[in-house]
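got a structure for you, letters missing:
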């Protein structure tokens, strides 16, 4: 790919990070990245995914070498941690007890179709939490939920919204947070989770709203903020106690729990944070997702040069001799004329569906 194309992507990324335009240059960037991964045996079939590769490119501002290094580190972490099989292998039987001392959960969607994750951090009792689970098991639960979000919640939201949903809205209620919530075990877990999320699940946070922020939380926030990636920090809004009107601009009343100013109680589900309310629990939506009925034009295009997902390795795109020569000399597109034409044909779609 030409230096001009890469520069264009890098310059526009910060301005348009949330716009999912089926842009020719962006698609070629993903294809270039994909070929680089294949050449170094870094693309297992299960991760041969357009949007996953795009997230890593965005996280490194379309710097190919940095994105490739981040990707390789992610693969090694997944192997060491067992992330690929954690949905099947790990049973968090203590969840009901954990939720008593760490209220949290997914609940509904925002007005643009993103899943909403809520934590009531001020109600966390770390001492009691560590009596019903361990830090190691809690970290595994966190990863398991992340994997569920990527493999089930986001695809279900995409089906419901009829467009690509690849990030979430997080609401963090910090009422009552102080130093008591930041004892050493809590600090260690928080730092570990931040690193795992930043390194292995980039570009999955659309926005974080911190509500009920008082003086006590400011101490906590000042301790945590230096560890955040600057781009992540830019997505965070810290609000005081008059947050309801802001939330209702983003989330419909019916999707917002009553304790946040909405009308939902999930009374029959044991409360909103135990309900896991969302399209990801709808059987028809899940059937569409797992059967592949919702395959979109961009997916059809990508599948032309994605490998058989039943194989261990994906297939490489077939390039013309001219395109290979150009890419090796650092001049123009790595993509062949035919591939580039196919990519250009999809640019008429305003948004890329997952």
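Sure thing, it's come through. Since the structure is predicted, the reported quantities are computational estimates derived from the model, not experimental observations.

what's the nearest residue to residue 227 if we skip its chain neighbours?
Spatially, and ignoring its direct neighbours in sequence, residue 227 is nearest to residue 194 (5.8 Å; C-beta to C-beta, 6 or more residues apart in numbering). From N, CA and C alone the C-beta is placed, and that goes for glycine too.

What separation do you get for that neighbour and residue 205?
Per C-beta to C-beta, to the nearest Å, residue 194 is found 11 Å from residue 205.

same thing with residue 134?
Distance, residue 134 to residue 205, by C-beta to C-beta: 26 Å.

Neighbour count for the two, which is higher?
residue 205 (18 against 13; other C-beta atoms under 10 Å).

For that one, give me phi and psi.
phi -100, psi 120 (degrees, to the nearest 10).

Am I right that it is in contact with residue 168?
Yes: at 6.6 Å, residue 205 counts as touching residue 168 under the criterion of C-beta atoms under 8 Å.

helix or strand for the spatially closest residue to residue 187 that is not a sequence neighbour, which one?
Leaving aside its sequence neighbours, residue 187 sits nearest to residue 223 (C-beta to C-beta, 6+ apart; 7.7 Å). Using DSSP states H and E, residue 223 maps to helix 215-224.

Just name whatever secondary elements that helix is in contact with.
helix 184-200 (3 or more C-beta pairs under 8 Å, 6 or more residues apart in numbering; DSSP states H and E).

would you list every one of the helices in the stretch 101-250 of the chain?
Using DSSP state H, counting those that start in this stretch, the helices of the stretch 101-250 of the chain run over residues 126-132, 135-148, 154-161, 184-200, 215-224, 230-233, 244-250.

Distance of the closest residue to residue 46 other than its chain neighbours relative to residue 262?
Once flanking residues are discounted, residue 46 sits nearest to residue 84: 6.7 Å by C-beta to C-beta, 6+ apart. Distance check for residue 84 against residue 262: by C-beta to C-beta, it reads 36 Å.

more crowded one of these two?
More crowded of residue 84 and residue 262, by other C-beta under 10 Å: residue 262, with 20 against 15.

Now for that one: which residues touch it?
For residue 262, the contacting residues are 247, 248, 251, 252, 253, 254, 255, 256, by C-beta atoms under 8 Å, 6 or more residues apart in numbering.

so who does the third one touch?
Yep, that's residue 251 we're talking about. 108, 110, 111, 116, 169, 262.

Count the residues that sit near the fifth one.
In this case it means residue 169. Residue 169, neighbours per other C-beta under 10 Å, totals 23.

Now do the contacts for it.
Taking C-beta under 8 Å, 6+ apart as the test, what residue 169 contacts is 110, 114, 115, 116, 117, 206, 207, 208, 209, 250, 251.

mind redoing it with 6 Å?
110, 114, 116, 206, 207 (C-beta atoms under 6 Å, 6 or more residues apart in numbering).

Local confidence estimate at it?
On pLDDT, residue 169 comes in at 98.

that older thread, max pairwise distance over the contacts of residue 251: which two?
169 and 262 (13.5 Å; C-beta to C-beta).

what's the burial count for the closest residue to residue 240 other than its chain neighbours?
Of all residues not flanking residue 240 in the chain, residue 213 sits nearest, at 5.9 Å (C-beta to C-beta, 6+ apart). Neighbour count of residue 213, defined by other C-beta under 10 Å: 21.

Number the chain from 55, please
Okay, using 55 as the starting number, the last item reads as residue 267.

which ones are touching residue 161?
Contacts of residue 161 were listed using C-beta under 6 Å, 6+ apart, and they are 170, 172, 326, 331.

let's see 10 Å
Residues in contact with residue 161, defined by C-beta atoms under 10 Å, 6 or more residues apart in numbering, are 169-172, 225, 305, 309-311, 314, 316, 318, 320, 323, 325-332.

can you check residue 155 too?
Per C-beta under 10 Å, 6+ apart, neighbours of residue 155: 177, 178, 179, 180, 181, 182, 183, 184, 185, 186, 187.

Let me have those in CSV, extended by pLDDT, neighbour count and distance to residue 101.
CSV is the format used below for the contacts of residue 155 (pLDDT from 0 to 100; neighbours: other C-beta atoms under 10 Å; distance: C-beta to C-beta, whole Å):
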residue, pLDDT, neighbour count, distance to residue 101
177, 92, 16, 37
178, 91, 20, 33
179, 90, 13, 38
180, 90, 19, 35
181, 90, 12, 39
182, 94, 13, 38
183, 94, 22, 33
184, 93, 16, 34
185, 96, 11, 37
186, 98, 17, 34
187, 97, 19, 29
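
count of neighbours near the nearest residue to residue 211 once chain neighbours are set aside?
The spatially closest residue to residue 211, leaving aside those adjacent along the chain, is residue 219, at 4.1 Å (C-beta to C-beta, 6+ apart). Summarising burial for residue 219: neighbours were counted as other C-beta under 10 Å, giving 26.
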